[in-house]
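based on what follows, work out the 3D shape:
(one chain, ligands or ions: 2)
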Amino acid sequence: VSDHSPLPYERFASAGGHHPSPPSGVGRRREPRFRRSDVYTQPIVDGQELHDGLLTRFVAWLRAATTSAGERREAELHARLRASRRPTRTNTIAVVSPKGGVGKTTCTFLLGNVLAAHLRLRVLAVDANRDFGTLASLAPDETRVERSLTDLLADMEGVHSAPELSPYVSPLPTGLHVLAAPERAEAMAEMSPTTYGELLAFLSRYYDVILLDLGTGIIDPLAQFGIQRADQALVVTTPEYVTADKVLGALRYLNAEGGWDAARNGEGSDSERLTVVLNRAPAARSGDRQVIEAAFRRLGIARHIVIPYDDRLRVMLDSATYTLEGLERATRMPIKQLGLAAARKLV
Ligand SMILES: Nc1ncnc2c1ncn2[C@@H]1O[C@H](COP(=O)(O)OP(=O)(O)OP(=O)(O)O)[C@@H](O)[C@H]1O
Ligand SMILES: [Mg+2]
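Numbers count the residues shown, from 1 in each chain. Ligands and ions are numbered 1, 2, ... in the order given. This next block holds a predicted model:
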């Protein structure tokens with residue numbers, strides 16, 4: 001005899017004289033009167049019944065046919081990002097261009113966010129512009145700190161832990177930290193390569209990757225210091241002839257003076273340290289762009305990242321509401337490829 005209080009259907013079954021009495025045998029399990037499949041006649045997916053009608057199948061087929069190729073490519077990219085080798089020491093990445101306004105700050109920010117979010121690395125982006133850098137303005141107002149790298153330089157002796165560093169760096173939702181340039185451009189002008197070196201040595205204790213938004217130009221002593229010091233460099237251009245021509249000149253200079261041998265920048269070579277970004281590319285593949293891409297290839301840069309002009313990205317950056325997943329796949333993919341290109345060069 002079972003001692004549990006009977007469930008409604010059990011009570012009904014034992015009270016009703018018309019039902020055949022259960023087979024004799026004390027303690028024997030009674031057969032359930034109905035099954036779950038009697039209630040749920042269709043498969044349940046995400047708490048909803050799946051109606052496998054012709055229309056549903058057609059819609060599912062259409063969806064798979066139109067989006068699955070892109071989704072698959074993105075999933076593969078994610079897997080490769082996740083599988084990236086972790087750095088064995090702090091890596092410094094210099095972001096440079098001989099031209100202003102091409103997207104150096106944007107690329108620093110985009111790359112930093114991918115490395116922080118997808119590789120779960122501790123990443124710091126430093127505004128190393130000589131005057132009036134804009135990097136820290138990309139952090140939301142609520143979390144942006146007032147202090148700058150010159151404040152940190154002054155107080156460095158008293159900072160011994162990550163929490164003590166937090167009043168100096170602005171955190172982004174991805175985990176990326178940003179270190180601002182001082183408000184007063186004169187304070188930045190006083191920075192010498194030596195003080196910069198001290199700052200970077202100090203920051204290396206707390207971060208896996210340090211990105212340097214070096215501002216316009218590559219001959220400036222501060223830019224030179226950053227380029228020499230960096231493990232890899234991101235060279236940013238737009239697809240206009242005038243800009244790309246300057247960038248090609250800069251790449252030749254880096255090859256000749258800096259040992260940044262673009263000619264060895266081929267696939268499979270472990271000496272590749274340069275990534276070229278063609279930013280703000282128009283949606284349609286223009287003739288100029290093909291000519292520019294061919295010129296890069298002649299210099300030995302077999303592959304580069306093309307980030308399209310995307311007004312949504314521009315607005316997100318300006319309003320400090322950037323999220324990678326909020327962008328169209330056409331912009332999202334190259335940003336993730338940029339992350340992968342840099343991740344593959346981590347040492
Ligand atoms: N792919 C893009 N699509 C749309 N807008 C972009 C894109 N890349 C950059 N921008 C916008 O272009 C402007 C210039 O970009 P950014 O500030 O990154 O350039 P920069 O090279 O750092 O400039 P500067 O030489 O002044 O430091 C910004 O308003 C930015 O939001
Ligand atoms: Mg900038």
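
make it CA atoms for all contacts and neighbour counts henceforth
Will do.

residues of the stretch 51-200 of the chain that sit close to ligand 1?
The stretch 51-200 of the chain comes close to ligand 1 at residues G100, G101, V102, G103, K104, T105, T106, as judged by Cα under 6 Å from any ligand atom.

which of those residues are buried?
With neighbours counted using 16 or more other Cα atoms under 10 Å, these contain these buried positions: V102, G103, K104, T105, T106.

can you tell me which of these lies nearest to D231?
Distance to D231, by Cα to Cα, is smallest for K104 among these, at 17.3 Å.

could you verify my assumption that that closest one touches S97?
Yes - A contact is recorded between K104 and S97 when judged using Cα atoms under 8 Å, the distance being 7.0 Å.

redo the buried ones among the residues of the stretch 51-200 of the chain next to ligand 1 as a markdown table? Include distance to A284.
Compiled in a markdown table, these are given as follows (distance: Cα to Cα, whole Å):
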| residue | distance to A284 |
| --- | --- |
| V102 | 19 |
| G103 | 20 |
| K104 | 23 |
| T105 | 25 |
| T106 | 22 |
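
can you list those in JSON lines and add pLDDT and secondary structure?
Compiled in JSON lines, these are given as follows (pLDDT from 0 to 100; DSSP: H, G, I helix; E, B strand; the rest coil):
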{"residue": "V102", "pLDDT": "96", "secondary structure": "coil"}
{"residue": "G103", "pLDDT": "97", "secondary structure": "coil"}
{"residue": "K104", "pLDDT": "97", "secondary structure": "helix"}
{"residue": "T105", "pLDDT": "98", "secondary structure": "helix"}
{"residue": "T106", "pLDDT": "98", "secondary structure": "helix"}
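
P282: which of those residues is nearest?
Distance to P282 across these (Cα to Cα) is lowest for V102, with 13.5 Å.

list residues touching both of K104 and S97?
Here K104 and S97 share the contacting residues G215, V236, scored by Cα atoms under 8 Å, 6 or more residues apart in numbering.

how far away from the center of its chain is the longest helix seen in the chain?
The single longest helix within the chain, with elements called by DSSP state H, is helix 54-82. Relative to the centre of its chain, helix 54-82 is centred 21 Å away, using Cα atoms, centre = their mean, to the nearest Å.

following that helix, which helix or strand shows up next?
Sequence order places strand 91-97 as the next helix or strand after helix 54-82, per DSSP states H and E.

quick one: list the elements packing against that following strand.
With contacts taken as 3 or more Cα pairs under 8 Å, 6 or more residues apart in numbering; DSSP states H and E, strand 91-97 sits against helix 104-118, strand 209-216, helix 221-229, strand 232-237.

buried ones in the following helix or strand past the longest one, by neighbour count?
Right, the one you point to is helix 104-118. In the C-terminal direction, the helix or strand that comes right after helix 104-118 (DSSP H and E) is strand 123-127. When burial is assessed from 16+ other Cα under 10 Å, strand 123-127 yields the following buried residues: V123, L124, A125, V126, D127.

can you pull the contacts of the most centrally placed residue in the chain?
Geometric centre of the chain, nearest residue: V114, 1.4 Å, by Cα atoms, centre = their mean. Taking Cα under 8 Å, 6+ apart as the definition of contact, the neighbours of V114 are I335, K336, G339.

tell me where the chain has helices.
With helices called from DSSP H, the chain shows them at 8-15, 36-39, 54-82, 104-118, 149-155, 162-165, 185-189, 193-203, 221-229, 241-258, 287-298, 311-318, 329-344.

winner for burial among those?
Across these, averaging neighbours per residue (mean count of other Cα atoms under 10 Å) puts helix 104-118 on top, at a mean of 24.

residues contacting P282?
P308, Y309.

look up how far M333 lies from it.
As judged by Cα to Cα, to the nearest Å, P282 and M333 stand 16 Å apart.

what's the answer for R82, then?
With distances taken as Cα to Cα, R82 is found 15 Å from M333.

make TSV from the helices and strands packed on strand 91-97 and add distance to H177 to it.
Putting the helices and strands packed on strand 91-97 into TSV (distance: least, Cα to Cα, whole Å) gives the following:
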stretch	distance to H177
helix 104-118	8
strand 209-216	10
helix 221-229	19
strand 232-237	19
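
I appreciate the help and will end here.
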